[in-house]
Each structure stands twice: as structure tokens, then as C-alpha cells.
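1. coordinates only, no sequence provided:
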């Protein structure tokens, strides 16, 4: 089953989902073991008297697994550098959490990580049941599982929002086609003096426009039985030509090369943008700020634009967001897997949402968050280095933040329209060697084409350079996986 279908089936069946019991084997030699793990707390604070190894959420995990767990939390800034220092030391922990795919593959190739296939099969039944098969593909190299994958719950992040009050005032319908989008942008530009369609530097927040041409950046798409990098396709060239035309008409924010997300948010909040690609959480961010600044402002999500060939969609996110790896020096791989097996199943809701009745509660049939308690115990999420694909818990979390923000509706709409890469395997060696420089090459060519500093014909120059500068080797490695999967 494809990831998109899996997400949609899960969303439709949300109220039928039941909690899966956590399988425990009290006779295992891992019972009462002492393990040391390294995780990222992203700089979150602890309440007075608590730390990473002394708090009620770690107590909860230890009490339910019989494990004694020591936790290391390197500084969020420089986290990856600290992991590399650890791997070079003689005092390795039993588990390391890394958000970096290149790090993972590098240490697999160095034979520094423990193969976990048999241990997961015996002691990780909830892990295999609750984490999608596609995620396991991304951590399997030469037939062996080398990490427990940490998946991303949401299918993507981008959804289009527009000012309904401006549409009403100007007598306009919600746009559906790309041509109708252009007409609305023209009307907003001419009669509301806004900056046009807002995008960010490095071409951020444009995936719905690309989707109208049936393509997204940084994905692999199948063409004639082989995988091709999406940014080198004719569809991408068409999308860039459209964006360049928007720019020339003054309908694309001329300041996009210097727009970061903060600047984009300020433009939305200050009535300078009336149609933009929002993140699903922006209804609690710049959109909320705008309605507070201007009580007459009314925002509504609109359909993704339909392009000339009937295509539409938004970028789907990579499913795997992190890797729980066991160094080969550890003798406690079984205990690590059993800990993660509990966290992904019986322990997940309490750790992810916070304890019910303390951080959140169901009131009048609706989940409500105690934000003081929620913020006080945000550190708890450093322990959720594994997550099930669990729309029911996601809905509780998002609804508890305020139904008026339509957060669950937003993530559902994204899931229904997400476009995913056809490559779901582990990072290839070439992606680690060339990926960064090829992305920089792409950013430079695309930005200058859109801004009119290069002709659209230079797209062909970009494609030639891309293959020459490492893209061909990357493509060959991706297709070796694709043809043999």
C-alpha cells in the first residue's frame, strides 16, 4: 500500500483505531538492564528539580519496561558534531538518535552500527506493526535493519490560504485553476497594494505552484521505468517559466531572495499578502497575528491550483525524520529495542501528548490543553524518538490546541493532495557526496531564472551541469535500488 493511501485509510478510519497492546517478555535477559541513550532535547527547559534523567516521563518509561535508563542530552547547537565525537570515543552509549541520514549511512558503511533485524523481529513486534514498511526500507541496507526509524506524522506542510474578506470585497470567487490564481493575484496587487504571491529564499513555499505542473523539488519520479530527479524534468522547466512570468508581471514578491520565514510571516500579519502558501500551523502563527491586528481579516484555505494539464498537489515530506541506532560496542541492543517498542505503543500517547488529566483532558467531548503544563513539560518529547502512524493521537493533539485553528483539517487536506518521491530507500553514497552542492546549484539557477537574470533556456544548462557534477552517479545508484527492490 502506498504511503498516500495508508495515510488516507488511517484518517478515514480514525475513530476505529484502537491502542495496540505492548508485548512483554518478563523472562528476557534484557529485563532490569541498565542502558544509556543519547537524544536531542532541542534546548527545551526542565522544571525546577528535574533534568533528562530525573522526571516523571522517564520514570513512566522505566516503570513500564523494567529498565534503568541513563540519558545524555548534548547541546542542540552542535548536536551532530557531538555525535561524531561520541562515535570516535571509547565510551559509546547503547543508543544514539540522529536526525541526519548521511550520518546514519556513513556509520553503517564503517560497520559501526549493530544490525537489528533479528532483534526487531523477536522483541519489536509493535515497532514492526505500527511503523510503515516504507520507513523500514529507509533503514535497511544490504538486507539488514541498522536503525529503528523515527517517522513524521504529517504527510507534508504546505497548504494555500487566501483573504476571504478581500475576495468578497472585490467580488471574486475562490480561485481553482492556475489562471484563476493569477487573476486573484492581479486584483489583490492592484486594489490592495500587496506584494503578490509571497515565497521565501531558496524557493520556499512554492510547492502548490509546482504541483500544478505535476512536479515537486527534491524528489525522484518514474519515467520510462527508471527514476529521474524531479528538478531536471520538463515539468520543472514549465513551472519555472510560469514563476518567471509571475515575477515579470509583478505578481511574485520581488523581495523573495531576502525573505526568510520571519519576513514572510510579517508580510502576512501586516496585510501585505492576501494569498500565500501557509504551513498547516500558520493559523496559530502569522494568520492569527493578522486577525488580531485587523479584526476584519478573514482567512480561508483554498484548493490547490489546477494546472494546464489538470494536475495539482503539494510536496509530500520524507517519511523518515530520524534514526535510532545501536553502536556495535553495545551489549544491550535487545533492551534498546524493547524500550522503543514500549514507547511506540502503550507509552506513546502519554509521552507525546503529556499525561491525560495533567497536560490535557477531554472536556465536553473535545480535547483541551493546559498550556502552562504543556509548556512546562515539553521536554517529554525528546523520548518520542519513535512514533506510530497514529492519526487518532494526532487529532487529539491538534484539536486540543484550538478547534478554531483547523489544524487537523489542514493536515488532512495536505495528506489528500501530497505528492511523494518514488525513491524510499536509504541515502545513497552519492547523495552524501554531491547532494549539498547539487542543491546549491539548483537554488542558484532556479532563483536567477525566476528573477529574469537568466533566460528559461538556461534550465537546459542547469540539467547538463547537474548530471556532470555528480547527478549521474546519484541517479545510477538510485536506479540500482529501484530496479532491485
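-> Received it, and whenever you're ready, just let me know what you need. A quick note: this is a predicted structure, and the numbers were derived from the prediction, not measured.
2. every contact and neighbour count from this point should use C-alpha atoms.
-> Fine.
3. all strands for the stretch 51-200 of the chain, in order.
-> 68-72, 95-98, 140-141, 144-145, 148-151, 158-163 (DSSP state E, counting those that start in this stretch).
4. contacts for the fourth one, please.
-> Contacts with strand 144-145, where a contact means C-alpha atoms under 8 Å, 6 or more residues apart in numbering, come from 115-117, 136, 139.
5. rank the strands of the stretch 51-200 of the chain by mean pLDDT and give me the bottom one.
-> In terms of average pLDDT, strand 140-141 trails the rest of those, at a mean of 94.
6. let me see the residues that make contact with that one.
-> By C-alpha under 8 Å, 6+ apart, strand 140-141 touches 146-147, 425-426.
7. out of these, which comes closest to residue 39?
-> Nearest to residue 39 among the contacts of strand 140-141 is residue 147, at 14.1 Å by C-alpha to C-alpha.
8. need the contact list for the closest one.
-> With contact taken as C-alpha under 8 Å, 6+ apart, residue 147 is in contact with 115-116, 139-140, 323-326.
9. without its sequence neighbours, what residue ends up closest to it?
-> With C-alpha to C-alpha, 6 or more residues apart in numbering as the criterion, residue 147 has its nearest non-adjacent residue at 4.5 Å, and that residue is residue 325.
10. shouldn't the one you found be in contact with residue 115?
-> No: using C-alpha atoms under 8 Å, residue 325 is not in contact with residue 115; the gap is 9.2 Å.
11. by neighbours, which of the contacts of strand 144-145 wins?
-> Within the contacts of strand 144-145, most neighbours by other C-alpha atoms under 10 Å means residue 139, with 27 neighbours.
12. could you check how far it is from residue 86?
-> The gap separating residue 139 from residue 86 is 21 Å, by C-alpha to C-alpha, to the nearest Å.
13. ok, now residue 223?
-> 42 Å.
14. okay, the two: which has more neighbours?
-> With neighbours defined as other C-alpha under 10 Å, residue 223 and residue 86 compare such that residue 86 has more, 15 against 10.
15. low-confidence stretches in the protein?
-> Applying pLDDT under 70 to the chain picks out residues 1-31.
16. what's downstream of the longest helix along the chain, the next helix or strand?
-> Counting by DSSP state H, the longest helix found in the chain is helix 429-450. Counting by DSSP states H and E, the element after helix 429-450 in chain order, helix or strand, is helix 458-466.
17. could you look up the SS state of the spatially most central residue of the chain?
-> Centroid-nearest residue in the chain, with C-alpha atoms, centre = their mean: residue 317, separated by 4.9 Å. Here residue 317 is coil, with the state taken from DSSP: H, G, I helix; E, B strand; the rest coil.
18. can you report phi and psi for the residue lying closest to it once chain neighbours are set aside?
-> Nearest non-adjacent residue to residue 317, counting by C-alpha to C-alpha, 6+ apart: residue 156, 4.7 Å away. Per-residue torsions, residue 156: phi -180, psi -170 (degrees, to the nearest 10).
19. from the contacts of strand 144-145, which land in helices?
-> If you go by DSSP H, the contacts of strand 144-145 have 117, 136 in helices.
20. now, among the contacts of strand 144-145, which is nearest to residue 398?
-> Nearest to residue 398 among those: residue 136, at 26.8 Å, using C-alpha to C-alpha.
21. quick one on the thing from earlier: now the longest helix of the chain: how far from the chain's centre is it?
-> Between the centre of helix 429-450 and the centre of its chain there are 20 Å (C-alpha atoms, centre = their mean, to the nearest Å).
22. what are the buried residues along it?
-> Within helix 429-450, the residues that qualify as buried are 429-432, 434-435, 438-439, 442, 445-450, counting by 16 or more other C-alpha atoms under 10 Å.
23. cool, and stretch 309-325?
-> 311-325.
24. with distance to residue 122 added, can I get the contacts of residue 147 in a markdown table?
-> Supplementary listing: those in a markdown table, determined by distance: C-alpha to C-alpha, whole Å:
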| residue | distance to residue 122 |
| --- | --- |
| 115 | 13 |
| 116 | 10 |
| 139 | 18 |
| 140 | 17 |
| 323 | 20 |
| 324 | 17 |
| 325 | 17 |
| 326 | 16 |
